[in-house]
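Asker: build me a model:
(chains A and B)
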Amino acid sequence: MNRSVVALLVLLGILLVLPLALDRYLLSVMILILYFAYVGQAWNVMMGFCGQLSIGHALFVGLGAYSAAALFQHFSIVPWVGMIVAVVVCVVMASFIGWLAFRFGIGGTYFALLTIAFAEFTRIGFEHFGWVGGTGGFFLRVTQQDQVDLMQLRGPPILFYYLALALATLAFVVCWWMLRGRLGFYFRAIRDNEEAARAAGVDVFRYKMYAVQISGGMTALAGVFFAFYYNNLFPDQVFHISRSIEIILAPIIGGIGTLFGPVLGAAVLTVASEGINQALSMAGYEVPGVKQILYGIALGAAIMFMPNGIWPVIARRLGFGRAYDGDD
Amino acid sequence: MPIEAIANIVVSGLLTGLIYGLMALGLSVIYGVVRIVNFAHGELMAVAMYATVFAFAFSGLDPLWILVPIALAFFGIGYMLQRGLINPFIDRPEHSQFILLLALALVLVNALLVAFGPDARSVFVDYALDSYEIGPLLVDKVRVICAGVAVVACAILFAIFRYTSFGKAIRACADNLLGAQVVGLNVKHLYALTFGLGTACVGIAGTLLSMLVDVTPGLGPAYTLLAFVIVIIGGLGSMVGALAGGILIGVSESVAGLLITPSAKSMFSFALLILVLAFRPQGLFRAR
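Answerer: All right, here's what the predicted structure looks like:
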């Protein structure tokens, strides 16, 4: 076992017992971090590994959330089944977007704008979709919060903490395994030089489709989690472009294309954002917008001075050089 | 539905569309030359709208006079933005540029929110309720004047690119960057000038639109998206395409507002965008 595996297992061990030491507020912060680490990892498959920039990932969160929530609410179908439906819906949607774009070799900025267009189109569609509440929002049945009902995913925040931890861990392991295999090498070949990959015999269209499908399907699970954790869904909140941007910030700040980047980025950004909240409320200066200004400045500074993200810098310092980019 | 009502809606959409076109032209010019997608485009326009609202409230001058200093100021702002902030990012990957401009957009729109609050403000000129009657058509006077100014501004921009020597130099940079550097053009300076011209367009469009819509900080992101939709439909980097795309979106928005519901009108625009990207990704008005 090498050093990075040991370090990761230690981290996982700490995370497993951590809730014992946390109050309700800190637990909710940890859930947010794990949630963003998971979606960031899902997005990273597409952008970080395969080089396809999506700024519309809220689409998959929203579709996943609404699919499972609607099945649960209207037909009392347990979320574990709803989850499968959500993944199928998102993979179909991802395939459609990918097929439209990659057929003509649409990439880069154009592809990013296409993903935004799909997310916005769906958002406005859901605002006029009465079956799931339209703009008025869609609400899930809430029962006694202190009883854990794993089958129905009803229970206290601690249930969702372990669920989010399981998701984030699973995504990490899956991505690590993916990067070591053929899929990962093909993805990175396409990312680094599409023409060269094609010339070397990689079926570029097919592997780009795989990347979009895997990423969309993974993000669907985040949507199901979102729906059952918050118990309410508003099209303007789940599908909005600012949600998509939130999703991609963690991996970009943490280190795009790295395995640990999304996790670190999620932790740094969530802590920073909560810290700014606390500091502003302590200073008695709670004007809406101030937080976002500070956030914007921090973001600009981060991309200016650490263009490859925080993790590569730290990894080198700590001597985890080989864990970077999963090349171990 | 009476044919006059539809004709009225189409004409009013067409006039608004010309202003949209001017806004999108700014985005398209910047992309066409500097190869940067300005994700803070709508936010810059929101800044221009607030500037107009306050200049109008304090001076009482017609916004059409306020337009000139705003255009000049935005030219300067754009020049400095490119020179100081964006130029180091020219060779960075797209997602880096995106994050930088996104950060700028976040700061701008929230600075407006902090400074002026979320309430809607408006510019109410004394001829706001006048209209022209042309046959069966009834057209707002403000809309006609604003569209006219937008057309003049576009014409000036076209003329700058076509007939002045620095317009020619800018086109040279866009055509062949290496060649432009070889013959000794100051690319950094020309890029900044282009960015300035683009932001001047959006400044003028902001002043004009502030006479037609209520101004809130939330308009920024919405107009950024709208500008993207327009330039992609017209063809990213194409000047004629931006203008034509603006008209197309202006008309389709107002017709969709009439036929479906006003809140679903931008769904129509995004559907158009998806269709164009699916079947003619280079845009309607651009050769492949």
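
Asker: in chain A, which spans are strands?
Answerer: A:138-139, A:232-233 (DSSP state E).

Asker: please apply the same query to chain B.
Answerer: Under DSSP E, chain B gives strands at B:131-134, B:137-140.

Asker: got a list of what residue B:119 touches?
Answerer: residue B:216 (C-beta atoms under 8 Å, 6 or more residues apart in numbering or on different chains). Using the backbone N, CA and C atoms, a C-beta is placed for each residue, glycine as well.

Asker: sorry, back to before: can you put the strands of chain A in TSV and add distance to chain B?
Answerer: Below are those laid out as TSV (distance: least, C-beta to the nearest C-beta, whole Å):
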stretch	distance to chain B
strand A:138-139	18
strand A:232-233	18
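
Asker: in contact with the residue nearest in space to the middle of chain A, which residues?
Answerer: Within chain A, the residue whose C-alpha comes closest to the C-alpha centroid is residue A:39; the distance, by C-alpha atoms, centre = their mean, is 1.1 Å. Residues in contact with residue A:39, defined by C-beta under 8 Å, 6+ apart, are A:57, A:61, A:219, A:222, A:247, A:250.

Asker: and the pLDDT for it?
Answerer: We have a pLDDT of 96 for residue A:39.

Asker: residues near the residue lying closest to residue B:77 once chain neighbours are set aside, how many?
Answerer: Closest residue in space to residue B:77, ignoring its immediate chain neighbours: residue B:199 at 5.8 Å, by C-beta to C-beta, 6 or more residues apart in numbering or on different chains. For residue B:199, the neighbour count with other C-beta atoms under 10 Å in any protein chain shown is 32.

Asker: residue A:231 reaches residue A:139, doesn't it?
Answerer: Yes - Residue A:231 is within contact range of residue A:139, at 6.5 Å (criterion: C-beta atoms under 8 Å).

Asker: which residues touch residue 40?
Answerer: As the question left the chain open, I've gone with chain A. Contacts of residue A:40 (C-beta under 8 Å, 6+ apart): A:247, A:248, A:250, A:251, A:254, A:261, A:262, A:263, A:265, A:266.

Asker: not what I meant, chain B
Answerer: With C-beta under 8 Å, 6+ apart, residue B:40 has these contacts: B:101, B:102, B:104, B:105, B:108, B:224.

Asker: tell me how far it lies from chain A.
Answerer: Note on residue B:40: its distance to chain A, by C-beta to the nearest C-beta, to the nearest Å, is 10 Å.

Asker: could you find the closest non-adjacent residue to that residue?
Answerer: residue B:105 is the one closest to residue B:40 (C-beta to C-beta, 6+ apart), at 3.9 Å.

Asker: number of nearby residues for the one you found?
Answerer: Residue B:105 has 23 nearby residues by other C-beta under 10 Å.

Asker: pLDDT score for it?
Answerer: For residue B:105, pLDDT reads 93.

Asker: can you pick the most crowded of the contacts of residue A:40?
Answerer: Going by other C-beta under 10 Å, residue A:262 tops those with 34 neighbours.

Asker: for that one, which non-adjacent residue is closest in space?
Answerer: Going by C-beta to C-beta, 6+ apart, residue A:262 has residue A:40 as its nearest residue, at 3.2 Å.

Asker: so what pLDDT did residue 271 get?
Answerer: Answering for chain A, as no chain was given. Value for residue A:271, per-residue pLDDT: 91.

Asker: try again with chain B
Answerer: 86.

Asker: pull the contacting residues for the closest residue to it other than its chain neighbours.
Answerer: The spatial neighbour of residue B:271 that comes closest, neighbours along the chain excluded (C-beta to C-beta, 6+ apart), is residue A:121 at 6.2 Å. Applying C-beta under 8 Å, 6+ apart to residue A:121 gives the contacts B:267, B:270, B:271, B:274.

Asker: now residue A:31: how far from residue B:285?
Answerer: Going from residue A:31 to residue B:285 by C-beta to C-beta, to the nearest Å gives 49 Å.

Asker: quick one: which of the strands of chain B is nearest chain A?
Answerer: Nearest to chain A among the strands of chain B is strand B:137-140 (26.8 Å), distances taken as C-beta to the nearest C-beta.

Asker: in TSV, list the contacts of residue A:40 along with distance to residue B:157.
Answerer: Shown next, in TSV, are those (distance: C-beta to C-beta, whole Å):
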residue	distance to residue B:157
A:247	37
A:248	34
A:250	40
A:251	39
A:254	42
A:261	42
A:262	43
A:263	47
A:265	41
A:266	44
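
Asker: how about the residues of the stretch 51-200 of chain A near chain B?
Answerer: A:53, A:55, A:100-101, A:104, A:106, A:108-110, A:112-114, A:116-118, A:120-121, A:124-125, A:127-128 (C-beta under 8 Å from any C-beta of the partner chain).

Asker: in ChimeraX, how would I select just the buried ones from the residues you listed?
Answerer: Buried subset of those, written as a ChimeraX selection, criterion 16 or more other C-beta atoms under 10 Å in any protein chain shown:
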select /A:53,55,100,101,106,109,110,112,113,114,116,117,118,120,121,124,127
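
Asker: narrow the residues of the stretch 51-200 of chain A next to chain B to those in helices?
Answerer: A:100-101, A:108-110, A:112-114, A:116-118, A:120-121, A:124-125, A:127 (DSSP state H).
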